[in-house]
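Asker: just to be clear, the model below is a prediction. Sequence and coordinates:
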Amino acid sequence: MNILDKLNKQQLEAVTYKNGPLLVLAGAGSGKTRVLTTRIAHLIEEGVDPDNILAITFTNKAAGEMKSRIYSLIGYFAKTMQISTFHSFGLRIIKENFEYLGYDKNFVIFDSDDSLTIIKKILKEKNIDTTEFNPRAIRAKISSLKNELITPEKFKRQAFNDFEDVVSSVYSKYEDTLNKNNSLDFDDLLVLPIKLFTAKKDILEKYQEKFKYILIDEYQDTNEAQYKLTKLLASKYKNICCVGDVDQAIYGFRGANYRNILNFEKDYPNTKIINLEENYRSTKTILKAANSVISHNVNRKEKNLFSNLDIGDKISYYRASSGLDEVNFVIDKIKELEHDGVSYKDIVILYRTNAQSRTFEDGLLKANIPYKIIGGVNFYNRLEIKNLLAYLRIIHNPLDDVSLERVINVPKRGIGSKTISNLAITAMEENVSLFDAIKSGKELQFKNLINELREKKDTLPLVDFIDLVLDKSGIKKEYESEKSLEADVRLENLEEFKSVALAFQEETGIISLEDFLLNISLITDNSEVKEEKNAVNLMTIHAVKGLEYDYVFLVGMEENLFPHTNSLMNDEEIEEERRLCYVAITRCKKKLYLTNARIRLLYGQEQINPVSRFISEIDDDLLDNVGIKVIFNDEDIKSEEKKVINQEEVYNNTEVTYKVNDFVYHDTFGPGKVVSVIENKKDPSRTLLKIAFKLPYGVKTLVYSHKNLRKV
DNA sequence: CCATAATTCTTTTTT
DNA sequence: AGAATTATGG
């Protein structure tokens, strides 16, 4: 069977348009990944060497997905191809050219926690008050400067308030520190290749020759550095295919500029533009809801995304009385779905902030439902893992002061802050690393330990070496002797880390510490290492980008949470939140559930938030308000009554004498309670009420003026 | 130097 | 509420 058979007209065109700049504007669910993968397969069939193709995706997950799909199309060739994120691509360039960039080959990559540590230290040295100048804010600013390719020297000239002055001075010291430590941060993975390509034309040319065909996914989310890198590489052959959707631009906070996609034609004259507008993923109902939400954005181009699938189920909307109630609702529905034969892995719970995952995790755990959290508090961020990694790093890179300081007293060896500051003074005076400054005392024992381990690092397979480090350092013994539940968990995590190392070793055949360390710094969660298991997925909306699920629970649909408080002041940011909502809705194939809570515990305080504006932006007739459960008996009515205190939803149409939660009596159905009021603006006498009656009647929709109906 | 108590942040989204 | 940082006393 031909690989082109399954494509529609536009997809086919995008796949077969071989040379020159190509922009594919791909609406949600329009088969974007299929186009990219088939295009790559087709290029290879046409005789393009797989080594000449570069494909960039946004996440490791997406890269893996693409690889396996290409593999299923063309087999073997997929293995050698460069399909990666911008960051791992950048790392590859750096690895191949570290000597031109002034790094020693043992360089390591610092994560954002390490960056923060460095920044805090610099602030202390400079006697800058951290309550006035928040280290995190400084880190964020430095990161965005790097991504805008603004150097410390340049920023020094343009800083124009106190905060920026502080940032400016910290920034240059921060860069020096990274250099001294023979280390890079995440942003360097983009910045350094650009530096290299700009300074060394011959090296750039080499890569231009190598990557004659370039494909970039999620182009609307590229920032200045990524944009520049792309442009440098593509400028010679201009065989560049970018795919994106302005309505799905959700990384503005990270400096992404969706205008990159709008400016594509200007950057590359004679661009071919192809629109993909048929959605193959979602039911008509879901797509309608998504379209109606996104249409509220002012700053946007009208687009006609359509679906030929069924209308499907209505969207369930549940307004819970509390955060716990919300969790229980979701869990009940998951149980129902499972009972109906749905597998857990086809279900996802999406939230705006990572902090929301906890209550759902607790609930799922209690309900004995398997789940996995994608992203969030990262496996590699756990204390024991960070300490082990710091050991590995200092063994690998003697210049890494940050890691040394982290573990020189782990486990406790009686080396305190006084010793370390003395060491720092010596290091400064002699202009050497902390490691080299060690000459005596207990710290010398530590130095000897590291030296001893360093000698062995290339003589043992990775996993055995890690075992040796755990053993000799005393980390293992410490946890073992503690005999607490917490210590046991930590030991388990260390075992898990070893299995990650083993998997890496088996998959790549690589056993060197160096490659392992570099690789691991780009992995942001370990779920991709773990085997596929049938479990409910939990993640933020940002993390779900590019994925799809049959059943989607979008929770916490409240003002202040989603849209998030911090975005309310600014129209641009509200629009980004709305695009985020659009992304969330369009992940869903079959049935969407929206939930929120009247009262929720947030930051240790009870908070009452209004319903998210995004709910009201969805046509009412697409929503099935399952807000109030059918009332079975008088007990239930009383408990509902309690719930209703704090109820703020009053339909203030004076023509209508009923509002939600009014108790009513119907001559045939008996006592009931108003669940929702469906106003008819043109003809108020046709206003409808949804009323929950006792079983066996259930929820009925009635005209409010019906003679059999009265208020109690 | 270190264990514990007290106090002060922190909360958007991520490679 | 929980984590992280700082103060206190042994």
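Answerer: Looks like it came in fine. Residues are numbered from 1 along each chain as shown, chains lettered A, B, ... in the order given.

Asker: show me the longest helix that occurs in chain A.
Answerer: Ranked by number of residues, the top helix in chain A under DSSP state H is helix A:485-508.

Asker: for that helix, packing partners?
Answerer: Packing partners of helix A:485-508 (3 or more C-beta pairs under 8 Å, 6 or more residues apart in numbering; DSSP states H and E): helix A:383-396, helix A:462-473, helix A:475-482, helix A:513-520. Backbone N, C-alpha and C define where each C-beta goes, glycine included.

Asker: want to throw these into JSON lines with mean neighbour count?
Answerer: Formatted as JSON lines, the helices and strands packed on helix A:485-508 follow (neighbours: other C-beta atoms under 10 Å):
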{"stretch": "helix A:383-396", "mean neighbour count": "21"}
{"stretch": "helix A:462-473", "mean neighbour count": "18"}
{"stretch": "helix A:475-482", "mean neighbour count": "16"}
{"stretch": "helix A:513-520", "mean neighbour count": "18"}
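
Asker: dump those helices to TSV, plus distance to A:R92.
Answerer: Putting the helices and strands packed on helix A:485-508 into TSV (distance: least, C-beta to C-beta, whole Å) gives the following:
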stretch	distance to A:R92
helix A:383-396	19
helix A:462-473	21
helix A:475-482	32
helix A:513-520	10
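
Asker: switch the ones you listed over to JSON lines; also include mean pLDDT.
Answerer: Shown next, in JSON lines, are the helices and strands packed on helix A:485-508 (pLDDT from 0 to 100):
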{"stretch": "helix A:383-396", "mean pLDDT": "91"}
{"stretch": "helix A:462-473", "mean pLDDT": "92"}
{"stretch": "helix A:475-482", "mean pLDDT": "85"}
{"stretch": "helix A:513-520", "mean pLDDT": "87"}
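
Asker: and those helices: which comes nearest A:A14?
Answerer: Among the helices and strands packed on helix A:485-508, helix A:513-520 comes nearest to A:A14, with 32.7 Å by C-beta to C-beta.

Asker: rewinding a little: need the helices and strands packed on helix A:485-508 in a markdown table (columns: distance to DNA strand C).
Answerer: Formatted as a markdown table, the helices and strands packed on helix A:485-508 follow (distance: least, C-beta to the nearest atom of the strand, whole Å):
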| stretch | distance to DNA strand C |
| --- | --- |
| helix A:383-396 | 8 |
| helix A:462-473 | 21 |
| helix A:475-482 | 18 |
| helix A:513-520 | 20 |
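
Asker: so for A:I83, which of these sits nearest?
Answerer: Comparing the helices and strands packed on helix A:485-508 under C-beta to C-beta, the one sitting nearest is helix A:513-520, at 15.3 Å.

Asker: buried residues, stretch A:317-326. List them.
Answerer: By 16 or more other C-beta atoms under 10 Å, the buried positions in stretch A:317-326 come out as A:Y317, A:Y318, A:R319, A:A320, A:S321, A:G323, A:L324, A:D325, A:E326.

Asker: what about the second one, which SS state?
Answerer: When classified by DSSP: H, G, I helix; E, B strand; the rest coil, A:Y318 comes out as strand.

Asker: how many neighbouring residues does the residue in chain A that DNA strand C sits nearest to have?
Answerer: Shortest chain A-to-DNA strand C distance, computed as C-beta to the nearest atom of the strand: residue-wise this is A:G604, at 3.0 Å. Burial of A:G604 is recorded as 5 neighbouring residues (other C-beta atoms under 10 Å).

Asker: give me the phi and psi for it.
Answerer: phi 80, psi 10 (degrees, to the nearest 10).

Asker: most centrally placed residue in chain A?
Answerer: A:A543 (3.1 Å; C-alpha atoms, centre = their mean).

Asker: tell me the pLDDT at it?
Answerer: Each residue has a pLDDT score; the one for A:A543 is 87.

Asker: my guess is it contacts A:G375. True?
Answerer: Yes: counting by C-beta atoms under 8 Å, A:A543 touches A:G375, with 4.4 Å between them.

Asker: where does the prediction get shaky in chain A?
Answerer: Chain A contains residues with pLDDT under 70 at A:1, A:376-377, A:524-532, A:627-661, A:675-690, A:692-708.

Asker: A:F77 reaches A:E45, doesn't it?
Answerer: No: applying C-beta under 8 Å, one finds A:F77 not in contact with A:E45, separated by 10.0 Å.

Asker: and the two? which has more neighbours close in?
Answerer: A:F77 (18 against 15).

Asker: tell me the contacts of that one?
Answerer: With contact set as C-beta atoms under 8 Å, 6 or more residues apart in numbering, A:F77 has these partners: A:I44, A:P50, A:I70.

Asker: pretty sure the second one sits against A:G75.
Answerer: Meaning A:P50. No: with contact defined as C-beta under 8 Å, A:P50 does not reach A:G75; the gap is 11.2 Å.

Asker: who has more neighbours out of the two?
Answerer: Applying other C-beta under 10 Å to A:P50 and A:G75 shows that A:P50 carries more neighbours, namely 19 against 10.

Asker: A:R157 versus the more buried one, what's the distance?
Answerer: Distance from A:P50 to A:R157, counting by C-beta to C-beta, to the nearest Å: 46 Å.

Asker: same question, A:G255
Answerer: 20 Å.

Asker: with neighbour numbers in mind, choose between these two.
Answerer: Each of A:G255 and A:R157 has its neighbours counted (other C-beta under 10 Å); A:G255 has more, 19 against 8.

Asker: buried residues in the longest strand seen in chain A?
Answerer: Secondary structure of chain A per DSSP state E: the longest strand is strand A:588-602. Buried residues in strand A:588-602, counted by 16+ other C-beta under 10 Å: A:588-600, A:602.

Asker: hang on, the earlier thing: looking at this, the residue nearest to the centre of chain A is in a strand?
Answerer: No: per three-state DSSP, A:A543 lies outside any strand segment and is helix.

Asker: list the contacts for it?
Answerer: For A:A543, the contact set (C-beta under 8 Å, 6+ apart) comprises A:T59, A:I374, A:G375.

Asker: ChimeraX command to pick out the buried ones of these?
Answerer: To isolate the buried members of these in ChimeraX, using 16+ other C-beta under 10 Å:
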select /A:59,374,375
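
Asker: of the contacts of A:A543, which are in range of DNA strand B?
Answerer: Among the contacts of A:A543, proximity to DNA strand B is found for A:T59, A:G375 (C-beta under 7 Å from any atom of the strand).

Asker: how many neighbours does the residue of the stretch 551-700 of chain A found nearest DNA strand B have?
Answerer: The stretch 551-700 of chain A approaches DNA strand B most closely through A:Y603 (3.1 Å), counting by C-beta to the nearest atom of the strand. Around A:Y603 there are 6 other residues, counting by other C-beta under 10 Å.

Asker: how about stretch A:86-93 and DNA strand B, touching?
Answerer: Yes: using C-beta under 7 Å from any atom of the strand, stretch A:86-93 comes into contact with DNA strand B via A:F86, A:H87, A:S88.

Asker: in space, what's closest to the first one - neighbours in sequence excluded?
Answerer: The spatially closest residue to A:F86, leaving aside those adjacent along the chain, is A:Q226, at 5.0 Å (C-beta to C-beta, 6 or more residues apart in numbering).
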